[in-house]
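S.K.: build me a model:
(chains A and B, ligands or ions: 2)
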Amino acid sequence: MTTLLDVKNLTRSFGGLVAVNDVSFALAKGQITALIGPNGAGKTTCFNLVAGALKPTSGQVFFQGQSIEGAPPENVCRMGIARTFQIVRPMRDMSVLENAMVGAFSWTRNVSEARSTAYESLESVGLVGKANARTDQLTMSDRKMLEVAKALSTRPKLLLLDEVMAGLRPTEAVSVVQVLRKLAESGLTILLVEHVMRIVMEVASTVVVLHHGAKIAEGCPKDVVADPQVLESYLGAGFHA
Amino acid sequence: MSEKFNKAAETKRWIAGAIVFVILGLVGALSNSYIVSLMTIVLLFTFMGQSWNLMLGIGGQLSIGHALFVGLGAYSVGVLYLKYGISPWIGLLAGMVIAGSVGAVLAWLSFRFEVHGIYFALLTIAAAEFARIMFSGWEFVGAMQGLFFPAPTGEVDISMLRGGARFYYFVALALAAIGIAGTELISRSYLGYVWRAMRDDDEAARALGVRTFRHKILVISISAASAAAGGGILALVQGAIFPDSIMGMGISVDVLIGPVVGGLGTAFGPLVGSLAAIPLNHLMGALGDSLGIPGLNNIAYGVILISVVWFLPDGIWPAVVRGYAAIKGSLFARPLKLRKAEE
Ligand SMILES: Nc1ncnc2c1ncn2[C@@H]1O[C@H](COP(=O)(O)OP(=O)(O)OP(=O)(O)O)[C@@H](O)[C@H]1O
Ligand SMILES: [Mg+2]
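M.R.: Ligands and ions are numbered 1, 2, ... in the order given. Purely as a prediction, here's the structure:
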């Protein structure tokens, strides 16, 4: 098992609030890992630290053995880490297709190559039929899928997905899960933040649990949901796997 | 699929553009000298407006100090020609290099120190005013007295870019065509995509690997260089260079009014906007003079700006395109199913 991403003692505070507190975990290549935790646990902050959108207060991030913490987000992306935004950020005045093309320009300057890559990305998230739509014509779940397509066009090695299935109908979620599985089979490593435990159980091989910024558990989904600390802090007494 | 559809639409746009420029060519050949000189100014501001439009409409970077670059272009042509007898062609090139570098340095310093958006725009005004005051006191470039070109003999000398009013009309027409075609080509290239991405959302663009810092510097530098080319020709057309007029706030406003009125980020917006605003400005100026109301032209500018922003917030040209599409849609409406199948 090769490690693609190695996060070591990552800490970030905002004033007095320690949003991410001494968190360490490693991602194995080609695996799907879920990052879970209650609201405000520090999941998005963790993504921002890995993706270069925020600089850590302390700690290290290694990607393919290379130290990347503090690198600007565009460089992190070009190394092979793509992320989606929990609060979607489509380019407002560009079409769905054009949105999906932008990421491809991180590795090519050829417009038609970027366009065919964008079609592939849109295809894999089921948005190809809306390629020429404006982004404000998309439903919320389509916008989430556009975030994924935009990220895929960068041809990432590691994909960070921040609650992309929130608001999807169960049938839609199932098809996204299939997409993610296929991507992982083709060698892509995925770290996803997800609240719906059923999806986490189904798709993730490893789960990392954050609570108040700190990692409280890590392991295979079955073990994690049985962990008393996780049950108490996150899943609540009523949860049964 | 839609690919073919886009190709056809693209070809149509180029043909439409060519027709517009043939008509403008006829205007230049057949009109009286008043129309020719007015239209020369319109076309020059179309070109300079397009340079500004590239920067804001596509690159998302606001400048309210484009007079700086216009003035640098004008002075480069003027000083090299009048002091050293060097061809204005070289002067234009020098002006573009100088303005492009000044723009790049200004942008670099600004973004390096996290000065963005409206604060960067304020910085461009400050830089333009600083340059204006500096040139006003600089004896070598004529200071407040300015620089004068010898009166045109009417003979056309292409190597020296000298000729009569009609000659300059066609120079301005060529420049406007280059500006419009160039913008169209740039916005279809990868630069157009990454610039529009950074315009719409800088952080999201960076997350997709767009190196926005260098792209901002690039778009500003290209915009500055082309504004300088326009300024160089403007100096030749006007036959004189005064720091207060060529580097004044008035020029900065004249440059941006075309694209703002005509349609930001569009290829034809600056032409449409300049056609609407500049003749109006001149007419109102003349009317104001004859009625003894100085500044009537500025009031007209204000009124046209406010009414466009109020009634057609994205400009005249996009409204025309929408109107055309609506008319065409209702005339040639076909069952939706049919059209779907074709796509
Ligand atoms: N830029 C910021 N400035 C100040 N505080 C912040 C900032 N970003 C996040 N926080 C705080 O850090 C904590 C962790 O936030 P974060 O967004 O990482 O949580 P999360 O686990 O993603 O939650 P959710 O499930 O609601 O998305 C929260 O208390 C939040 O208010
Ligand atoms: Mg979050």
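S.K.: distance of residue B:224 from ligand 1?
M.R.: According to Cβ to the nearest ligand atom, to the nearest Å, residue B:224 and ligand 1 sit 35 Å apart. C-beta: built from backbone N, CA, C; applies to glycine.
S.K.: ugh, wrong one, I meant residue B:194
M.R.: Residue B:194 is 26 Å from ligand 1, by Cβ to the nearest ligand atom.
S.K.: can you classify residue A:210 as helix, strand or coil?
M.R.: Three-state call for residue A:210 (DSSP: H, G, I helix; E, B strand; the rest coil): strand.
S.K.: okay, now it: neighbour count?
M.R.: Burial of residue A:210 is recorded as 28 neighbouring residues (other Cβ atoms under 10 Å in any protein chain shown).
S.K.: tell me where the chain has strands.
M.R.: You didn't say which chain, so I picked chain A. Along chain A, counting by DSSP state E, strands occupy A:3-14, A:17-28, A:32-36, A:58-63, A:66-67, A:81-83, A:158-162, A:189-193, A:206-211, A:214-219.
S.K.: oops, wrong one, chain B.
M.R.: B:147-148, B:240-241.
S.K.: could I get the contacting residues of residue A:108?
M.R.: Counting by Cβ atoms under 8 Å, 6 or more residues apart in numbering or on different chains, residue A:108 makes contact with A:114, A:117, B:190.
S.K.: go again using 6 Å as the cut-off
M.R.: residue A:114 (Cβ atoms under 6 Å, 6 or more residues apart in numbering or on different chains).
S.K.: quick one: it from residue B:190, how far?
M.R.: To residue B:190, residue A:108 is 8 Å away according to Cβ to Cβ, to the nearest Å.
S.K.: so what's the residue in chain A that ligand 2 sits nearest to closest to, chain neighbours aside?
M.R.: Closest contact between chain A and ligand 2, by Cβ to the ion, is at residue A:44 (3.1 Å). Leaving aside its chain neighbours, residue A:44 sits nearest to residue A:86 (5.4 Å; criterion: Cβ to Cβ, 6 or more residues apart in numbering or on different chains).
S.K.: returning to what we had before: out of the strands of chain A, which is closest to residue B:317?
M.R.: Each of these has some distance to residue B:317 by Cβ to Cβ; the shortest is strand A:81-83, at 36.2 Å.
S.K.: which neighbouring elements make contact with that closest one?
M.R.: For strand A:81-83, the elements it packs on are strand A:158-162, judged by 3 or more Cβ pairs under 6 Å, 6 or more residues apart in numbering or on different chains; DSSP states H and E.
S.K.: pLDDT at residue A:82, what is it?
M.R.: Listed pLDDT for residue A:82 reads 97.
S.K.: what's the neighbour count on it?
M.R.: 27.
S.K.: that one against residue A:155, yeah?
M.R.: No. If you go by Cβ atoms under 6 Å, residue A:82 and residue A:155 don't touch, sitting 8.4 Å apart.
S.K.: what residues does chain B put near chain A?
M.R.: Contacts of chain B with chain A, taken as Cβ under 6 Å from any Cβ of the partner chain, map to B:2, B:190, B:193-194, B:196-197, B:200-201, B:204, B:206-209, B:211.
S.K.: where do the helices sit along chain A?
M.R.: A:43-51, A:73-79, A:96-102, A:111-124, A:140-152, A:170-185, A:197-203, A:221-226, A:228-230 (DSSP state H).
S.K.: indicate which one of those helices is closest to ligand 1.
M.R.: Among the helices of chain A, helix A:43-51 comes nearest to ligand 1, with 3.2 Å by Cβ to the nearest ligand atom.
S.K.: any residue of the closest one touching ligand 1?
M.R.: Yes. Residues of helix A:43-51 contacting ligand 1 under Cβ under 6 Å from any ligand atom: A:43, A:44, A:45.
S.K.: spell out which parts of chain A neighbour ligand 2.
M.R.: Counting by Cβ under 5 Å from the ion, chain A comes close to ligand 2 at A:43, A:44, A:86.
S.K.: tell me where the model's unsure across chain A.
M.R.: Counting by pLDDT under 70, chain A has low-confidence residues at A:1, A:235-241.
S.K.: rewinding a little: point out the most buried one among the strands of chain B.
M.R.: Comparing the strands of chain B by mean neighbour count (mean count of other Cβ atoms under 10 Å in any protein chain shown), strand B:240-241 ranks first with a mean of 20.
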